[in-house]
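K.L.:
This is a predicted model, with the sequence first.
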Amino acid sequence: MEYTAPALEERLERHIRRLEQRLARLRALDGRFSLYRLAAFIIMLGLLWAAARGLHGLWSLAAAGTGVLLFIGVLAAHRLLDGRTARLQVWRDRRSDQLARLRIDWPALRPEQAPPALQAANVSQTAAPACSSLALDLDLSGARSLHHLLDTCTSQEGRRLLAAWLTQSIPCLEETAARQAVVGELAGMPHFRDHLRLNLHLAAKDLLQSEYLLKWLSVPLDARRLGWLALGLSLLAALNICLFILHSLGQIPAYWGYTLALYAIITIFSTGYIQEFIHSLLALERELDKFSALLRYLQGYPYGSHPHLAQACAAFHTAQPPPSAQVRRVKLVTALVGLSSNFALGMILNLALPWNVLCALAASRLRQKAAAVLPGWIEAWQRLDALCALGDFAALHPQYTFAELDPQAGAVLEARQLGHPLIPPAQRVNNDFSLPELGQVILITGSNMAGKSTWLRALGANLCLAYAGAPVAAEALRLRPMRLHTCLRISDSLVDGFSYFYAEVKCLKGLLEALNAQHPLPLFYLVDEIFRGTNNRERLIGSRAYVQALLNGRGAGLIATHDLELAHLAEQSPHLRNYHFRDQVEGGRLVFDYRLRPGPSPTTNALKIMQMEGLPVELEEKGM
């Protein structure tokens, strides 16, 4: 069944209420379990006392056993209750997070963490550093961004990969089609997505950090030298034990003291040799708990009716031996190493045996096998993690559609009811739009706050979603694959010595260079105002020349401007088309409908806004 946004929102609210009610009952029961445990403990003590004082034989053992089993049973039941409560809390938190993402309720979403490494910029390598990037221009990264809205990843690397997909300015048709196929399947698999997240959240509350899984693969360690060291220390440890036993039996003097001292000296000096490797194993242990939880789920999941997902997860369910079995062996070694992290216990273990050296030797042998498969598993998981985030987005917006990227498409871009994905559905105004052919420039005019800049960002953000393989905020979107270039948010740079105007010139120069570059794909560009950093006369002269330079180029794009004089260029070139947003005054205030209409804007509102805010405008109105 396909839900509309209001119906899905209501369904999530009902589910959250049911989970809250169940959690309330479990918390009340959890409070009573403290009394149950105390009562069971008292009963156990009473039965043990009775068995010791008044009963004999089998009755005594039965009474004692009953008391112990009663107490253990209550503890086990309490532990099951805690596990059930934890699971329901994860479900509740996930449903609340989904509701917040559906509503685009930023305060309710988890804060955007440290910005991930974004790779795609909209400028050429020769452009100045002051030029803005896709991430800045289109709100793709940072707080209240597209990445913030989509990011349900459970690993740092998955977050970075998702960010890279969202900020790629050049699409890859094969990769985009492959992602769309998997995301389309994941959107209809809530059980898979939910339980994958559940397993990871129950294993650990923080993000999976794959660098710890890979670090131990790269730590330098000479396995041959380590083998000889382990053999020598093992023989010396065996000699220590034999000499100690013989001395304890009174057969020989305390020679074991000398061999133990030699053993301790060699062990201390060898510790530095394996210390980095041991530390990598200790860091590995915690991440393996999380990683093994998802491996068990992925390798046992029935993929029969989901061929694209099965292909994406092939590294997990086709490997022999199964990944979880291989990870289990590594976990055993890391657990043994973890025993020595306690100072007192570690000293005893390493005095009796070359504990850390033997563990390092076992881990180095397992590492040889893991090095051949672990990077592939991690890479597959990072990709799946990012795909699941896109799947969550698709499931929350069933009214969205996947874009058609067709090199043979008749028009450059055709969109039906397209809107900005970062505007809540209840407030969003969608528009139809088409860009028939390359070489065209669409000039968007309109009053302040009428929606020009938002429309440019809506187009750019949806193209980024399309290239990432996610559904777009539109009823339909068909376009040719194009490089994406934006000049929307330009700022000066005191560090680099760029004024605003010079930074703007460098960014617009970068656009022309990208337009004229020898590249298989044409260019789609978005520009918000031209030469706003100079006076009116020079801005108009420069803007006319710049727009004419863009016309008939191997690309197409939109330019938003307040300069209504530029609209007259359409009289000289059929490749320039005018669209506008308008406003009107109702009840003493400006009203916008955010509808895109053909033709140049018939109204302006700068003086209206100034007058409404109490600024003097009479002189300008009289032409003085």
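P.N.:
Thanks, I have it.
K.L.:
Below-threshold pLDDT in the stretch 351-500 of the chain: ranges please.
P.N.:
491-498 (pLDDT under 70).
K.L.:
change it to 50
P.N.:
494-497 (pLDDT under 50).
K.L.:
now do the stretch 1-150 of the chain
P.N.:
In the stretch 1-150 of the chain, residues with pLDDT under 50: 1-2, 115-132.
K.L.:
change it to 90
P.N.:
Applying pLDDT under 90 to the stretch 1-150 of the chain flags residues 1-9, 27-84, 86-87, 90, 108-136, 142-143.
K.L.:
Please pull up the helix or strand immediately following the lengthiest helix in the chain.
P.N.:
The single longest helix within the chain, with elements called by DSSP state H, is helix 5-53. Scanning forward in sequence from helix 5-53 by DSSP states H and E, the next helix or strand is helix 57-103.
K.L.:
packing partners for the longest helix of the chain?
P.N.:
helix 57-103 (3 or more C-beta pairs under 8 Å, 6 or more residues apart in numbering; DSSP states H and E). Where C-beta positions appear, they are placed from N, C-alpha and C, glycine not excepted.
K.L.:
Would you mark the buried spots in the helix or strand just after the helix it packs on?
P.N.:
As assigned by DSSP H and E, the chain's next helix or strand after helix 57-103 is helix 134-137. Neighbour counts over helix 134-137 (16 or more other C-beta atoms under 10 Å) mark 134-137 as buried.
K.L.:
For these, give me CSV that also has distance to residue 147.
P.N.:
Formatted as CSV, the buried residues of helix 134-137 follow (distance: C-beta to C-beta, whole Å):
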residue, distance to residue 147
134, 11
135, 8
136, 12
137, 14
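K.L.:
ok, the residues you listed vs residue 13, which is closest?
P.N.:
Nearest to residue 13, judged by C-beta to C-beta, of those is residue 135 at 33.2 Å.
K.L.:
so how far is stretch 12-20 off the chain centroid?
P.N.:
What separates the centre of stretch 12-20 from the centre of its chain is 25 Å, taken as C-alpha atoms, centre = their mean, to the nearest Å.
K.L.:
Show me the contact partners of it.
P.N.:
Contact partners of stretch 12-20, identified using C-beta atoms under 8 Å, 6 or more residues apart in numbering, comprise 88, 91-92, 95-96, 98-99, 102.
K.L.:
What's the end-to-end length of stretch 296-305?
P.N.:
Stretch 296-305 has an end-to-end distance of 20 Å (criterion: C-alpha to C-alpha, to the nearest Å).
K.L.:
Flag every buried residue along that stretch.
P.N.:
Buried residues in stretch 296-305, defined by neighbour count with 16+ other C-beta under 10 Å: 296-299, 301, 303.
K.L.:
Stretch 408-421 too?
P.N.:
In stretch 408-421, counting by 16+ other C-beta under 10 Å, buried: 412-415, 417-421.
K.L.:
Same question for stretch 364-382.
P.N.:
Buried residues in stretch 364-382, counted by 16+ other C-beta under 10 Å: 364, 366-367, 370, 374, 377-378, 380-382.
K.L.:
between these, which is nearest residue 21?
P.N.:
Nearest member of the buried residues of stretch 364-382 to residue 21, counting by C-beta to C-beta, is residue 381, at 35.1 Å.
K.L.:
Distance check, the spatially closest residue to residue 139 that is not a sequence neighbour against residue 558.
P.N.:
Excluding its sequence neighbours, the residue lying closest to residue 139 (C-beta to C-beta, 6 or more residues apart in numbering) is residue 145, at 4.8 Å. Remark: distance between residue 145 and residue 558 (C-beta to C-beta, to the nearest Å) = 21 Å.
K.L.:
same question, residue 98
P.N.:
33 Å.
K.L.:
The two: which has the busier surroundings?
P.N.:
With neighbours defined as other C-beta atoms under 10 Å, residue 98 and residue 558 compare such that residue 558 has more, 24 against 21.
K.L.:
distance of that one from residue 567?
P.N.:
From residue 558 over to residue 567 the distance is 14 Å, taken as C-beta to C-beta.
K.L.:
same thing with residue 28?
P.N.:
Here residue 28 is placed at a distance of 69 Å from residue 567 (C-beta to C-beta).
K.L.:
Also residue 285?
P.N.:
Residue 285 is 67 Å from residue 567, by C-beta to C-beta.
K.L.:
what do you get for residue 462?
P.N.:
As judged by C-beta to C-beta, residue 462 and residue 567 stand 26 Å apart.
K.L.:
Looking at these two, which one has more neighbours?
P.N.:
The neighbour count for residue 462 versus residue 567, taken as other C-beta under 10 Å, is higher for residue 462 (27 against 19).
K.L.:
how about the nearest residue to that one, chain neighbours excluded?
P.N.:
Among residues not flanking residue 462 along the chain, residue 472 sits closest, at 4.3 Å (C-beta to C-beta, 6+ apart).
K.L.:
Equivalent analysis for residue 256, please.
P.N.:
Closest residue in space to residue 256, ignoring its immediate chain neighbours: residue 243 at 3.7 Å, by C-beta to C-beta, 6+ apart.
K.L.:
before we move on, back to that, from the buried residues of helix 134-137, which single one is nearest residue 21?
P.N.:
residue 135 (42.0 Å).
K.L.:
correct me, but that closest one touches residue 146?
P.N.:
No. The pair residue 135 / residue 146 is not scored as a contact, 9.1 Å apart, by C-beta atoms under 8 Å.
K.L.:
The residue nearest to residue 462 bridge partners, please.
P.N.:
Taking DSSP bridges as the rule, residue 472 bridges to residue 401.
K.L.:
got the contact list for it?
P.N.:
400-403, 418, 421, 462, 465-466.
K.L.:
can you list contacts of stretch 305-314?
P.N.:
Residues from elsewhere that reach stretch 305-314, judged by C-beta under 8 Å, 6+ apart: 178, 181-182, 184-186, 189, 192, 298, 301, 303-304, 317, 380, 383-384, 387.
K.L.:
swap in stretch 355-362?
P.N.:
221, 223, 226-227, 229-230, 233-234, 267, 270-271, 274, 277-278, 281, 333, 336-337, 339-340, 346, 349-350.
K.L.:
Make a PyMOL selection of the buried ones in those residues.
P.N.:
Applying 16+ other C-beta under 10 Å to the contacts of stretch 355-362, the buried members can be selected in PyMOL as follows:
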select buried, resi 221+226+229+230+233+267+270+274+277+278+281+333+336+337+340+346+349+350
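K.L.:
Please enumerate the helices of the stretch 401-550 of the chain.
P.N.:
According to DSSP state H, counting those that start in this stretch, the stretch 401-550 of the chain carries its helices in the segments 452-468, 500-516, 536-550.
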